[in-house]
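Novice: Have a look; sequence and predicted model below, questions after that.
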Amino acid sequence: MYVCICKAVTDRAIRRAVVNDGVVTLRELSRRHGVGTCCGKCVPEVREMLAQVRGTESAAPVLAKHSAQLDASIAA
């Protein structure tokens, strides 16, 4: 789905930028893809997507750690 119509930036491109390229701010995303530099209507949705993807990414190691601890306690 296109998030920024003006610059033709999709939700996949935003997720890829966060996960693969380490983008964490709207400013970085704007520099790389031009998001929010024309009309600005996409900015609220882009901010929300950044927060969601960063939250999912940062939660993954914590979930893996707890999963490993649970597996160890079951095996014991």
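Specialist: Received it, and whenever you're ready, just let me know what you need.
Novice: Now do the contacts for the most centrally placed residue in the chain.
Specialist: The residue lying closest to the centre of the chain (CA atoms, centre = their mean) is V53, at 2.8 Å. Contacts of V53 were listed using CB atoms under 8 Å, 6 or more residues apart in numbering, and they are 14-15, 18-19. C-beta here means a position set from N, CA and C on the backbone, and glycine is covered the same way.
Novice: Closest one of the residues you listed to T37?
Specialist: Top of the list for closeness to T37, among those and by CB to CB, is I14 at 14.4 Å.
Novice: what sits against that closest one?
Specialist: 3, 29, 33, 35, 46, 49-50, 53.
Novice: Recalculate using a threshold of 6 Å.
Specialist: Residues near I14 by CB atoms under 6 Å, 6 or more residues apart in numbering: M49.
Novice: mind checking which helix or strand it is in?
Specialist: According to DSSP states H and E, I14 maps onto helix 11-21.
Novice: Please state the offset of that helix from the chain centre?
Specialist: Offset of helix 11-21 from its chain centre (CA atoms, centre = their mean, to the nearest Å): 6 Å.
Novice: Let's see that helix as CSV, backbone CA atoms only.
Specialist: Written as CSV, here are the backbone C-alpha positions of helix 11-21 (Å, rounded to 0.1, in the frame of the first residue of the first chain):
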residue,chain,number,x,y,z
ASP,A,11,4.6,0.5,3.6
ARG,A,12,7.0,-2.3,2.6
ALA,A,13,9.7,0.3,1.7
ILE,A,14,9.2,1.9,5.2
ARG,A,15,9.4,-1.5,7.0
ARG,A,16,12.5,-2.5,4.9
ALA,A,17,14.2,0.8,5.8
VAL,A,18,13.6,0.3,9.5
VAL,A,19,14.5,-3.4,9.7
ASN,A,20,17.3,-3.7,7.1
ASP,A,21,18.8,-0.2,7.1
